[in-house]
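K.L.:
Need coordinates for the following:
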Amino acid sequence: MIRTTGEAPAEDTLPRLLARNADQYGALPALSWRPAGQDGGWSTYTWAEVEEHTRALAAGYRALGVGRGDRVLLMMPNRPEHWLSDLALVRLGAVPVSVYGTAAPEQITHIARNCRARIAVVDGAPEVAVWEPLLTDAGTPLEHLVVAEPGAEADHTPYAALLGGPVPDGFDGELDAARAEDTLTVVYTSGTSGEPKGVVLTHQQVLSNALALDAVVELPPHVEHICYLPFAHIAERMLGIYLPCHRASHVHLCADPAGVAAVVREVRPAQFFGVPRIWEKLSATVRGILALMPADQRAAIEEAFEVGREHVGHRERGEAPPAELEKRYARAREEVLLPMLAAGGLDRVTWSASASAPMSVDVVRFWAGFGIVIMDAWGLTETTGVATSNSPRGGFRLGSVGRPVRSVEVRVAEDGEILVRGASVCSGYLRPDGSVLPAVDADGWLATGDIGRMDEDGYLWLTDRKKEMIVTSTGKNVSPALVENALKDHPLIGQAMVHGDNRSYLVALLVLDAEAAPAWAAANGVPAAGGPAELVRHPAVLAEVARAVAAANTRLNRTEQVKRYELLAEEWGPATGELTPSLKMRRRVIRDRYADALSGLYRD
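P.N.:
Below you'll find the predicted structure:
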């Protein structure tokens with residue numbers, strides 16, 4: 001029997017759940033993927049096959065010297081080698097640590113040094129080129145690369161070589177011996193300084209959160225999940241690895257997030273999680289189709305949407321819709337809404353959700369017209385993902401991020417900062433010596449850095465971020481200081497502010513350095529008599545700044561890269577209000593003052 005409520009039993013671990021699934025649900029599908037280079041259908045492992053394959057794979061990793069407590073880095077897309085290696089390493093008592101495929105070399109180096117891993121499993125030749133220098137880096141203990149892509153391994157270990165070899169002596173005694181308090185994974189998340197921090201999560205913390213999430217969702221047994229977010233993201237680690245083990249559900253791997261819409265149309269899942277950008281793209285596509293329809297057809301669809309929104313309104317308040325509305329909604333759903341949803345593969349969805357960044361209310365209301373309620377949630381890597389969530393059980397509040405889940409308690413401090421404590425709050429941050437720096441205060445409270453309010457019904461509403469972290473519409477966290485410092489490495493750029501909250505890419509305001517710019521102009525034969533106002537328009541200056549931005553982007557991962565910028569002549573300072581007396585940026589002042597310029601950078 002799959003538990004869905006209550007506290008996580010003290011003995012529960014991921015290997016125990018995997019053993020249960022193989023024993024009780026062995027014939028059910030567990031993992032499906034499309035083999036690379038093939039145009040055919042899906043390949044699938046059942047839960048019994050997953051148990052068998054991960055045992056063989058664990059033996060291969062053990063033969064490489066991986067043991068209990070060892071951390072192993074994984075940098076691959078959502079391919080079966082990543083998913084299966086994760087479980088195999090956990091069965092050994094080792095600690096899998098996924099790294100974003102877009103991570104810059106400096107970030108990879110920091111993570112490798114911080115977690116002290118001796119082995120990294122990477123995708124193919126491009127990744128090998130980035131990781132190879134670390135094998136001879138004195139500050140990094142990395143000894144081996146395992147390469148997933150056949151033919152790309154060069155002098156390193158092919159992934160296929162891990163399978164089919166001899167089982168080390170005493171292996172079965174080592175397997176599946178993890179304890180609930182053992183570290184299950186380390187998830188790296190950016191801090192305000194821009195340096196990734198390794199968040200330590202145990203089996204017990206993860207499974208406490210899994211039980212809490214099951215208490216707020218309504219799903220059929222063994223539900224499908226489309227896995228398209230990176231495993232380095234806490235959301236996909238929960239949704240794509242840990243919850244499927246807990247629920248004995250079926251994971252469909254989508255290696256390229258750009259192809260998720262096609263996979264949704266094929267799989268027709270009962271649940272779908274999308275970061276805000278996914279829902280935005282889907283709504284834009286539907287709206288584009290509607291715009292091409294005849295006026296009378298659009299009017300009929302809009303009428304059905306209004307019925308859908310009215311129906312959702314009653315559910316939002318926790319009320320049973322009136323019988324007459326139920327009849328109108330059933331008719332609208334059958335005749336208009338379901339055929340449209342079926343075209344996109346969403347006709348079977350019973351639970352839809354979003355997190356990672358605030359959802360646009362306009363997008364939420366649009367999908368409510370289909371009768372689809374996007375249950376917005378909130379949390380951090382440090383809270384094992386979701387700490388609060390809206391739920392179809394007992395009402396919800398569109399625009400809020402819901403109520404606290406059972407594994408945590410939430411309160412708002414006097415200064416508005418949201419505090420969390422409970423069973424699914426992380427152990428702390430990994431230090432290079434293997435010790436863990438606590439993330440909570442003496443009373444167990446985690447200061448989240450987010451600002452919000454709790455209403456009289458217990459729903460949490462986010463209002464601001466105490467930390468100045470940018471969260472893009474794709475749900476990625478970006479440290480503005482990291483990007484700004486990279487931009488200011490060039491002497492022409494004296495000040496920089498990046499912007500991109502709830503946007504799909506970053507833009508920047510750049511200010512010429514008042515002292516360095518004239519010197520650079522003189523050295524390069526550029527007239528500077530007109531001062532900064534003239535220099536910001538000069539083609540040579542513009543070309544050099546473009547090169548500076550391009551150079552900074554090479555040191556940043558794709559999410560952190562600046563796509564567009566505007567070069568300004570006037571420096572920011574305390575007298576004009578953009579800086580504090582201690583010369584710290586007042587970001588809100590700058591955003592407000594340059595609102596038109598920032599908006600213009602997002603116009604196509």
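K.L.:
Give me the below-cutoff pLDDT ranges for this protein.
P.N.:
For the chain, the stretches with pLDDT under 70 are 1-11, 37-39, 190-194, 288, 356-358, 360, 394, 464-467, 580-584, 604.
K.L.:
Would you mind measuring from the residue nearest to R593 when sequence neighbours are not counted to R591?
P.N.:
Distance criterion CB to CB, 6 or more residues apart in numbering; nearest residue to R593, sequence neighbours excluded, is E578 at 7.2 Å. C-betas here are computed from N, CA, C, even on glycine. Distance, E578 to R591, by CB to CB, to the nearest Å: 10 Å.
K.L.:
for L229, same thing?
P.N.:
From L229 across to R591, the span is 28 Å (CB to CB).
K.L.:
The two: which is more packed in?
P.N.:
When neighbours are counted by other CB atoms under 10 Å, L229 and R591 differ, and L229 comes out ahead with 25 against 14.
K.L.:
That one and E81, how far apart?
P.N.:
L229 sits 17 Å away from E81, going by CB to CB.
K.L.:
now Q24
P.N.:
As judged by CB to CB, Q24 and E81 stand 26 Å apart.
K.L.:
neighbour count winner among these two?
P.N.:
Neighbours per residue, other CB under 10 Å: of Q24 and E81, the larger number sits with E81, 21 against 13.
K.L.:
How are the strands of the stretch 351-500 of the chain distributed by residue range?
P.N.:
Using DSSP state E, counting those that start in this stretch, the strands of the stretch 351-500 of the chain run over 351-354, 374-380, 385-389, 403-404, 408-412, 417-422, 428-430, 436-437, 446-454, 460-465, 470-471, 477-478, 493-499.
K.L.:
May I see the buried residues of the longest one?
P.N.:
Neighbour counts over strand 446-454 (16 or more other CB atoms under 10 Å) mark L446, A447, T448, G449, D450, I451, G452, M454 as buried.
K.L.:
Who are the packing partners of the helix or strand S599 falls within?
P.N.:
If you go by DSSP states H and E, S599 is part of helix 595-600. Counting by 3 or more CB pairs under 8 Å, 6 or more residues apart in numbering; DSSP states H and E, the packing neighbours recorded for helix 595-600 are strand 506-512.
K.L.:
orientation of the strand it packs on relative to strand 493-499 in degrees?
P.N.:
Relative orientation of strand 506-512 and strand 493-499, computed by axes from the mean of the first three to the mean of the last three CA atoms, to 10 degrees: 160 degrees.
K.L.:
who does strand 506-512 pair up with?
P.N.:
Strand 506-512 sits in its sheet next to strand 493-499 (antiparallel), strand 562-568 (parallel), going by DSSP bridges.
K.L.:
deepest of those, which one?
P.N.:
The highest mean neighbour count among the strands paired with strand 506-512, using mean count of other CB atoms under 10 Å, belongs to strand 493-499: a mean of 22.
K.L.:
Now find how far off-centre that strand is within its chain.
P.N.:
How far strand 493-499 lies from its chain's middle: 26 Å, per CA atoms, centre = their mean, to the nearest Å.
K.L.:
Repeat that for stretch 371-383.
P.N.:
Centre to centre, stretch against its chain (CA atoms, centre = their mean), the figure for stretch 371-383 is 12 Å.
K.L.:
how long is that stretch from one end to the other?
P.N.:
One end of stretch 371-383 sits 30 Å from the other (CA to CA, to the nearest Å).
K.L.:
picking that back up, same list (the buried residues of strand 446-454) but as a markdown table, adding distance to V216.
P.N.:
What follows is those, written out as a markdown table (distance: CB to CB, whole Å):
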| residue | distance to V216 |
| --- | --- |
| L446 | 20 |
| A447 | 24 |
| T448 | 19 |
| G449 | 24 |
| D450 | 20 |
| I451 | 24 |
| G452 | 19 |
| M454 | 17 |
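K.L.:
do you know which of the strands of the stretch 351-500 of the chain lies nearest P150?
P.N.:
Taking CB to CB, strand 428-430 is the member of the strands of the stretch 351-500 of the chain nearest to P150, at 32.9 Å.
K.L.:
Could you spell out the sheet neighbours of that closest one, each with its direction?
P.N.:
Strand 428-430 sits in its sheet next to strand 196-202 (antiparallel), strand 436-437 (antiparallel), going by DSSP bridges.
K.L.:
For that strand, which residues meet the burial criterion?
P.N.:
By neighbour count with 16+ other CB under 10 Å, strand 428-430 contains the buried residues G428, Y429, L430.
K.L.:
Relative to W572, how far out is the residue nearest to R593?
P.N.:
Distance, E578 to W572, using CB to CB: 3 Å.
K.L.:
Ok, A161 next?
P.N.:
Taking CB to CB as the criterion, A161 is separated from W572 by 57 Å.
K.L.:
Comparing these two, which residue is more hemmed in?
P.N.:
W572 (21 against 15).
K.L.:
for the more buried one, what are its contacts?
P.N.:
Q495, V511, E578, L579, M585, I590 (CB atoms under 8 Å, 6 or more residues apart in numbering).
K.L.:
is it true that the fifth one touches V498?
P.N.:
No - contact criterion CB atoms under 8 Å: M585 and V498 do not qualify, at 10.8 Å.
K.L.:
Contacts only, for the closest residue in space to E236 that isn't next to it in sequence.
P.N.:
Nearest residue to E236 in three dimensions, chain neighbours excluded: L229, at 3.8 Å (CB to CB, 6+ apart). Residues in contact with L229, defined by CB under 8 Å, 6+ apart, are A235, E236, L239, G240, P257, V275, G475.
K.L.:
Among those residues, which lie within helices?
P.N.:
Mapping these onto helices (DSSP state H) picks out A235, E236.
K.L.:
and which of the contacts of L229 is nearest to P29?
P.N.:
Nearest member of the contacts of L229 to P29, counting by CB to CB, is G240, at 14.6 Å.
K.L.:
if I read this right, E181 contacts T202, doesn't it?
P.N.:
Yes - the pair E181 / T202 is scored as a contact, 5.7 Å apart, by CB under 8 Å.
K.L.:
And those two? Which one has more around it.
P.N.:
Comparing E181 with T202 by other CB under 10 Å, the one with more neighbours is T202, at 21 against 12.
K.L.:
Distance-wise, check that one relative to A543.
P.N.:
Computed as CB to CB, the T202 to A543 distance reads 53 Å.
K.L.:
who's in contact with A27?
P.N.:
With contact set as CB under 8 Å, 6+ apart, A27 has these partners: T46, W47, A48.
K.L.:
how does it look with 10 Å?
P.N.:
Contact partners of A27, counting by CB atoms under 10 Å, 6 or more residues apart in numbering, are T46, W47, A48, E49.
K.L.:
As a markdown table, the contacts of W572 with distance to L219 would be great.
P.N.:
Formatted as a markdown table, those follow (distance: CB to CB, whole Å):
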| residue | distance to L219 |
| --- | --- |
| Q495 | 50 |
| V511 | 51 |
| E578 | 49 |
| L579 | 51 |
| M585 | 45 |
| I590 | 44 |
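K.L.:
most surrounded residue in the residues you listed?
P.N.:
Going by other CB under 10 Å, V511 tops those with 23 neighbours.
K.L.:
nearest spatial neighbour of that one, skipping sequence neighbours?
P.N.:
With CB to CB, 6+ apart as the criterion, V511 has its nearest non-adjacent residue at 3.9 Å, and that residue is Q495.
K.L.:
I'd assumed M585 was in contact with that neighbour.
P.N.:
Yes - contact criterion CB atoms under 10 Å: Q495 and M585 qualify, at 8.0 Å.
K.L.:
residues shared between the contacts of those two?
P.N.:
Contact criterion CB under 10 Å, 6+ apart; residues shared by Q495 and M585: E484, W572, E578, L579.
K.L.:
that older thread, closest to V267 out of the strands paired with strand 506-512?
P.N.:
Nearest to V267 among those is strand 562-568 (32.1 Å), distances taken as CB to CB.
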